[in-house]
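Enquirer: Here is a sequence with its predicted model. Questions after.
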Amino acid sequence: MKAYQITGPDGLASLQQVTLSDPAPKSGEVLVRIRACCLNYRDLMNVMGIRGVTGPIPRIPCSDGAGEILALGEGVTGWEIGQRVVIPFMPTWIDGGFTQHHAGIALGGVVNGLLCEKACLPTACLLPIPEYLSTEQAASLPCAAVTAWDALFVRGNLQHGETVLILGTGGVSLFALQFAKLAGARVLVTTSSEAKAALLRGLGADAVHIYQNDPAWDEWVLSETDGVGVDHVVEIGGPETLNRSIKATRFGGHISLIGVLTGTAGDIQTVGILRKGIRLDGIYVGSRAMFAQMLQKMTEVQMKPIIDSTFDFDQAPAAFHRMASGQHSGKIVIRV
Ligand SMILES: NC(=O)c1ccc[n+]([C@@H]2O[C@H](COP(=O)([O-])OP(=O)(O)OC[C@H]3O[C@@H](n4cnc5c(N)ncnc54)[C@H](OP(=O)(O)O)[C@@H]3O)[C@@H](O)[C@H]2O)c1
């Protein structure tokens, strides 16, 4: 089969297309013909070594993929050859609490990912793709959408009429916007440009702030909320945005700490968290059960992901370039 591997420490130059032998499904597994892969910022971190992210060499990058079943391993029942399936980010996190074990086998991290034609997966983790979604659309869901779902509904317990602050127009952020609007929330979003602001308004954002024009977006949030602050923040920035997020959160509010775009450590105003009684939740994607619940809701309302761009398999490095440029809004797909 064709695959891409990270073959060294030289960033995109080390992302090489290779030919590998086809994997064979073990007992309880199926062989999936991957038809689409989708990029997350984490995949760029893995390929480029951003923030010191490393793993075994060579390895296949990318956590998010979907396709159809090609072969059934021994003892597999209830699944059919040809059935379309989407693959969760952590194949062992089926339900219940998060553990180090689940984190350790997140696809495309230290274990091989899905930027390849074929992969074997345990059936226990797989989810059938709802009829109304294309395989490419389904491939955009495992990391970013489940993370946004976990942040807002599982940890956040978002209620109708609450206010949500979302940073940016990346994968996680646009899913968070779509989900928050479905839940009847008021949604404030920060972004870098007028063009992205227009997209956000089109998607139902109630107020948009361009931080390139005015970096003091915490003040803007307070002015938009009568000085109170928001109920929830979807925090994808990290250390350089967290202090403003704390200022922008109401007393007793909730911050989902998701991203590392500005780093992995920093000078955080911890006193603001305790003085305001803020609940700060570290989020790491979510379980298969959360994914299933999310798919059920999406199917009910026929919600479709926002796809920024689609690249052919041979153009995969260009897809990574697109993500690195920061010009994208929503998900970047690679057809396999
Ligand atoms: N913990 C988890 O489970 C989890 C899951 C998924 C992602 N993540 C993390 O969440 C972050 C976003 O991931 P993603 O895949 O959605 O990324 P992405 O698609 O690349 O989106 C990044 C977007 O964030 C905005 N942005 C960039 N730098 C910013 C800054 N300094 N301040 C505010 N906004 C900024 C930009 O949008 P604008 O141009 O519109 O501002 C940019 O397009 C990454 O750090 C990723 O590693 C974590």
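Expert: That came in fine, so what should we check first?
Enquirer: so what's residue 27 up against?
Expert: By CB atoms under 8 Å, 6 or more residues apart in numbering, residue 27 lies in contact with 73-75. C-beta: built from backbone N, CA, C; applies to glycine.
Enquirer: out of those, which are buried?
Expert: Among the contacts of residue 27, those buried by neighbour count (16 or more other CB atoms under 10 Å) are residue 73.
Enquirer: closest to residue 298 among the contacts of residue 27?
Expert: Closest approach to residue 298 among the contacts of residue 27 (CB to CB): residue 73, at 29.1 Å.
Enquirer: For the closest one, which non-adjacent residue is closest in space?
Expert: Spatially, and ignoring its direct neighbours in sequence, residue 73 is nearest to residue 25 (3.4 Å; CB to CB, 6 or more residues apart in numbering).
Enquirer: For residue 71, see how far away the one you found is.
Expert: The gap separating residue 25 from residue 71 is 6 Å, by CB to CB, to the nearest Å.
Enquirer: In the stretch 151-300 of the chain, which residue sits closest to the ligand?
Expert: Here the residue of the stretch 151-300 of the chain nearest the ligand is residue 170; by CB to the nearest ligand atom that distance is 1.7 Å.
Enquirer: Quick one: residues contacting that residue.
Expert: By CB under 8 Å, 6+ apart, the neighbours of residue 170 are 41, 144, 236, 328-330.
Enquirer: so which of these also contact the ligand?
Expert: 41, 144, 236 (CB under 6 Å from any ligand atom).
Enquirer: from these, which would you call buried?
Expert: Applying 16+ other CB under 10 Å to these flags 41, 144, 236 as buried.
Enquirer: mind listing what's buried in the lengthiest helix in the chain?
Expert: When the chain is parsed with DSSP state H, its longest helix is helix 288-301. For helix 288-301, the neighbour count (16+ other CB under 10 Å) marks 288, 290-291, 293-295, 298 as buried.
Enquirer: Switch those residues over to JSON lines; also include pLDDT.
Expert: Shown next, in JSON lines, are those (pLDDT from 0 to 100):
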{"residue": "288", "pLDDT": "98"}
{"residue": "290", "pLDDT": "98"}
{"residue": "291", "pLDDT": "98"}
{"residue": "293", "pLDDT": "98"}
{"residue": "294", "pLDDT": "98"}
{"residue": "295", "pLDDT": "98"}
{"residue": "298", "pLDDT": "98"}
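Enquirer: and the ligand, which of these reach it?
Expert: Counting by CB under 6 Å from any ligand atom, no member of those reaches the ligand.
Enquirer: list the residues that contact both of residue 25 and residue 71?
Expert: residue 31.
Enquirer: more neighbours, the two?
Expert: residue 25 (22 against 17; other CB atoms under 10 Å).
Enquirer: Contact partners for the more buried one?
Expert: By CB under 8 Å, 6+ apart, the contact set of residue 25 is 31, 71-73, 76, 120.
Enquirer: Equivalent analysis for residue 267, please.
Expert: 239, 243.
Enquirer: any idea how far residue 199 is from residue 63?
Expert: From residue 199 to residue 63 the distance is 25 Å (CB to CB).
Enquirer: So for those two, which residue has more residues nearby?
Expert: residue 63 (27 against 20).
Enquirer: Just give me the neighbour total for residue 118.
Expert: By the measure other CB under 10 Å, the count of residues near residue 118 is 22.
Enquirer: Just give the number of residues close to the residue lying closest to it once chain neighbours are set aside.
Expert: Once flanking residues are discounted, residue 118 sits nearest to residue 1: 4.7 Å by CB to CB, 6+ apart. By the criterion of other CB under 10 Å, residue 1 has 15 neighbours.
Enquirer: Before I go, just wanted to say thanks for your time.
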